[in-house]
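Asker: any chance you could fold what I've pasted below:
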Amino acid sequence: MAIRISGMASGMDTEAMVQDLVKAYKTKGSNYTKQQKRAELKQDAWKSLNKKIKSFTTKYTANMQYSTYYASKKTTVSDSSKASVVSSDGAVTGSQTLEVDKLATTAYLTGAKISNATGSTKLSELMGGSEFETTIKLNGEEEGFTIDQDTTIDEFVGFMSAKGFNASFDENNGRIFISAKNSGAAADFSFDTSDPTAKNALVALGLETDTTKTDPELATYDKNYEGPVKIPGEDAQIKLNGATFANSSNTFNINGLTITAKEKTDSAVSISTETDYDAIYDKIKSFIKDYSSLINEMTELYNAPANKGYDPLTDEEKEALSESEVKKWEDKVNESLLRRDGNLSSLSSILRNSMLQTYDFEGTTYSLSSFGINTLSYFSAPENERNAYHIDGDPDDSESSGNTDKLKAAIAANPEAVVNFFTKLSKNMYDQLQEFSKSSSSRSYGSFYDDKQMKEDIVKYENKVTKWDDYVKSIEDRYYKQFAKMESAMSTLNSQQNYISSMFGM
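Answerer: Residues are numbered from 1 along each chain as shown. Below you'll find the predicted structure:
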């Protein structure tokens, strides 16, 4: 930035004079900046609303136009302590029998007590100091892991962990604990004791088991028993309608049912699957609630006060106001950004008209009011909530909770009619919204406002502001040059006058 020293000869404040001369030009430039800012704020307002409309469309109308969206089932078990059951939409409606024959177990080996040992104790200390080297194998595998007299208990536990087991050594109790990561027979494990040296090492570690010691029930008879105990990994087994099924875990997925066995049964329990009418009601209720919230917001934005005189603030204007004053001003600006917006009006009409449609099913004409879903009276509803819908009998709606619940009654009496109506309503709304999105070259597909046009307009404002700033600077420079010439001329004149005065002794 150039440093200007002005008014030295004339005594005038040329800086202030130049700023006064260009003030009107800068004011016009500020108006361009405010127009650009308003366009950017309007773009942001539309981005926010567009996101909400797209979310509503994706969550509801894109799905509710298909009858499978409503196909909810619920299943109950006569004895929930024995099993829990969750049904998918494809589950068979009706009653079935279930028997739990066996629960899945996880292979678990509790080692024999090792006296006076720590994690750093070597095998040579446990085996009387002999030197050896052997390979420990699991489940008959060809490769195992090599140990010798210098292998410590912690190192052995580390080998087991590396093999994918849960393994640890409890020094307080002097026992090694090993368990499979998964339940079921396939995850069971055993050590190969065909090599005598390997067998001796396992005995020293408290991990060699024979048929007697592997039976946990026999071990419990001896209250002082401190030998190893092995619980084998076993599959769960159930019978559904007399057919036997086995699985490595206690959870079975069979013909649309997810069955989790909890306890063995002495006799069959019954499983009952039926249409979940409450789920259908909840989906429709959620749709009505979110629709009403969206249309209320759109109505409020469209009917917003004009707030004339409230334009976006420049940086200089913000500096002259307090923080609270700036917020109040900006709230006024933002409030009116989408007032009487053409796209907003069109979208609101699509939504409102879609909700007013009627559809026929088996000779009967249905509308939302057929199911007790209505707007409030024009005169009793708040101005911006006149397009919102309320479900009669909805306990969460103070406006309609006292009315007779027609929707639940209709779902119970004729769920096909209810589903048919809402699939058609949703498809109509979805198709119209998509068509609107595609109807103008000024908007991108999937957008419900003229996003392309807005971007172009903002770029135009940016260019206009930049050009005007350059123009104002050129005017400033011209004035400064003119004053500089005047100062130079006056300086020369003053010099001449001083010279003449000195000649005459003045």
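Asker: against S120, how distant is E155?
Answerer: 9 Å (C-beta to C-beta, to the nearest Å). The C-beta positions use only the backbone N, C-alpha and C, and glycine is treated the same way.
Asker: more neighbours, those two?
Answerer: Neighbours were counted for E155 and for S120 using other C-beta atoms under 10 Å; E155 has more, 15 against 11.
Asker: nearest residue to the more buried one other than its sequence neighbours?
Answerer: Closest residue to E155 in three dimensions, ignoring its sequence neighbours and counting by C-beta to C-beta, 6 or more residues apart in numbering: I147, at 7.8 Å.
Asker: okay, whichever helix or strand the one you found is part of in CSV with CA atoms only?
Answerer: I147 is part of strand 145-148 when elements are defined by DSSP states H and E. Extracted as CSV, the C-alpha positions of strand 145-148 are listed here (Å, rounded to 0.1, in the frame of the first residue of the first chain):
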residue,chain,number,x,y,z
PHE,A,145,5.2,-75.1,18.6
THR,A,146,8.5,-76.1,20.0
ILE,A,147,9.3,-75.9,23.7
ASP,A,148,12.4,-76.9,25.8
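Asker: name the SS class of I178, please.
Answerer: Under DSSP: H, G, I helix; E, B strand; the rest coil, I178 falls in the strand class.
Asker: just grab the bridge partners of it for me.
Answerer: Counting by DSSP bridges, I178 forms beta bridges with L109, A167.
Asker: hmm, it is touching G164, no?
Answerer: No. Between I178 and G164 there is no contact under C-beta atoms under 8 Å: 11.0 Å.
Asker: settle it for me: which of the two has more neighbours?
Answerer: I178 (22 against 13).
Asker: check contacts around the more buried one.
Answerer: Applying C-beta atoms under 8 Å, 6 or more residues apart in numbering to I178 gives the contacts Y108, L109, G111, M160, F165, N166, A167, F189, L207.
Asker: identify the residues contacting the residue nearest to E155.
Answerer: Contacts of I147 by C-beta under 8 Å, 6+ apart are L123, E133, T134, T135, I136, E155, F156, F159, A201.
Asker: please flag which of these sit within strands.
Answerer: E133, T134, T135, I136 (DSSP state E).
Asker: out of these, which is nearest to A83?
Answerer: Nearest to A83 out of those is I136 (C-beta to C-beta; 39.9 Å).
Asker: not counting sequence-adjacent ones, nearest residue to that closest one?
Answerer: Looking at I136 with C-beta to C-beta, 6+ apart, the closest residue is G144, at 4.9 Å.
Asker: verify the stated contact: the one you found with M160.
Answerer: No. Contact criterion C-beta under 8 Å: G144 and M160 do not qualify, at 11.1 Å.
Asker: those two: who's more crowded?
Answerer: Neighbours per residue, other C-beta under 10 Å: of G144 and M160, the larger number sits with M160, 22 against 18.
Asker: what's stretch 84-93 in contact with?
Answerer: Against stretch 84-93 from outside (C-beta under 8 Å, 6+ apart): 68, 71-77, 98, 255-260, 262, 271, 273-275.
Asker: separation between the residue positioned nearest the centre of the chain and L294?
Answerer: For the chain, S55 is the residue whose C-alpha lies nearest the centre (C-alpha atoms, centre = their mean; 12.3 Å). Noted for S55: a distance of 9 Å to L294, by C-beta to C-beta.
Asker: same check on T106?
Answerer: 51 Å.
Asker: buried residues of the strand holding I147, list them for me.
Answerer: F145, I147 (16 or more other C-beta atoms under 10 Å).
Asker: number of nearby residues for the closest residue to S336 other than its chain neighbours?
Answerer: In space, and not counting its chain neighbours, S336 is closest to N307: 4.4 Å by C-beta to C-beta, 6+ apart. Per other C-beta under 10 Å, the neighbour tally for N307 reads 16.
Asker: and N307, what pLDDT?
Answerer: For N307, the pLDDT comes out at 94.
Asker: picking up where we left off before, just put the contacts of I147 in a markdown table and tack on pLDDT and distance to N353.
Answerer: Formatted as a markdown table, the contacts of I147 follow (pLDDT from 0 to 100; distance: C-beta to C-beta, whole Å):
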| residue | pLDDT | distance to N353 |
| --- | --- | --- |
| L123 | 95 | 84 |
| E133 | 93 | 86 |
| T134 | 93 | 84 |
| T135 | 93 | 80 |
| I136 | 93 | 77 |
| E155 | 97 | 76 |
| F156 | 97 | 76 |
| F159 | 95 | 73 |
| A201 | 94 | 83 |
